[in-house]
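J.: fold the following, please.
(2 chains, ligands or ions: 2)
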Number of protein chains: 2
Amino acid sequence: GTNFNNNCSFGRGVRSVVVVKAEAGGVSSINPDVRKNEEKVVDAVVVNELSKPVTPYCRCWRSGTFPLCDGSHVKHNKATGDNVGPLLLKK
Amino acid sequence: GTNFNNNCSFGRGVRSVVVVKAEAGGVSSINPDVRKNEEKVVDAVVVNELSKPVTPYCRCWRSGTFPLCDGSHVKHNKATGDNVGPLLLKK
Ligand code: FES
Ligand code: FES
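T.: Ligands and ions are numbered 1, 2, ... in the order given. You can find the predicted model right below:
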């Protein structure tokens, strides 16, 4: 979330304190950057075309190789206290 | 980032207006509720066990049937202006 503290005082002894905190997981969008020109980002995987024993797919919307996971969820979790991770497709 | 506008004036005809807007995709967590007792939520799908021709998996962290998609991304997108959608696994 966002923490905001403002101390603003004018005139004789006037003091006003405003604290606003944006709730984590509130009304924010969760996809900051991925294909924002698309109305809805849906991807399809034809599972019998998977080449590796395990292929991780991104669910954090922070991967530089979206729809694949590139490990960026680790940084997101650290920065926000979140606990998201990928979907692993196993052959 | 966070957008913040503050107009602060005191004295006769005191008027104070504070507008704080948290930017979508800021420092918030994206998973409000799913298995918050787990340090990292990772799921595995053994693809040759899929039964249907197409199975949608959730990437919005709002599904009542997570890790499957139950369509909840539609409500999330409407409420926030976001554009997230599922990963479709196709046999
Ligand atoms: S980079 Fe997004 S889940 Fe790993
Ligand atoms: S319910 Fe989450 S992507 Fe559909």
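J.: residue A:77 falls within a helix, correct?
T.: Yes: Residue A:77 sits within a helix when classified using DSSP: H, G, I helix; E, B strand; the rest coil.
J.: residues in contact with it?
T.: Contacts for residue A:77 were tallied using CB atoms under 8 Å, 6 or more residues apart in numbering or on different chains; they are A:83-84, B:40. The C-beta positions use only the backbone N, C-alpha and C, and glycine is treated the same way.
J.: among the residues you listed, which are in strands?
T.: If you go by DSSP state E, the contacts of residue A:77 have residue A:84 in strands.
J.: of the contacts of residue A:77, closest to ligand 1?
T.: residue A:84 (6.2 Å; CB to the nearest ligand atom).
J.: ranges for the strands of chain A?
T.: A:3-8, A:16-21, A:41-46, A:54-57, A:84-90.
J.: give me the number of neighbouring residues for the nearest residue to residue A:48 once chain neighbours are set aside.
T.: Closest residue to residue A:48 apart from its sequence neighbours, by CB to CB, 6 or more residues apart in numbering or on different chains: residue B:91 at 7.1 Å. Other residues near residue B:91 number 13, with proximity taken as other CB atoms under 10 Å in any protein chain shown.
J.: any idea how far residue B:91 is from residue B:46?
T.: Separation of residue B:91 from residue B:46 (CB to CB, to the nearest Å) stands at 12 Å.
J.: with residue A:55 instead?
T.: 12 Å.
J.: about what we covered before: list the contacts for the residue nearest to residue A:48?
T.: Per CB under 8 Å, 6+ apart, neighbours of residue B:91: A:47-48, B:47, B:50, B:52-54.
J.: with residue A:73 instead?
T.: So residue A:73 contacts A:58-60, A:62-63, A:84-86, B:40 (CB under 8 Å, 6+ apart).
J.: one more: residue A:53?
T.: A:90-91.
J.: from residue B:51, how far out is it?
T.: Counting by CB to CB, the gap from residue A:53 to residue B:51 is 21 Å.
J.: residue A:49 now?
T.: 19 Å.
J.: picking that back up, now for the contacts of residue B:91: which two are most distant?
T.: Using CB to CB, those span at most 14.4 Å, a distance reached by A:48 and B:52.
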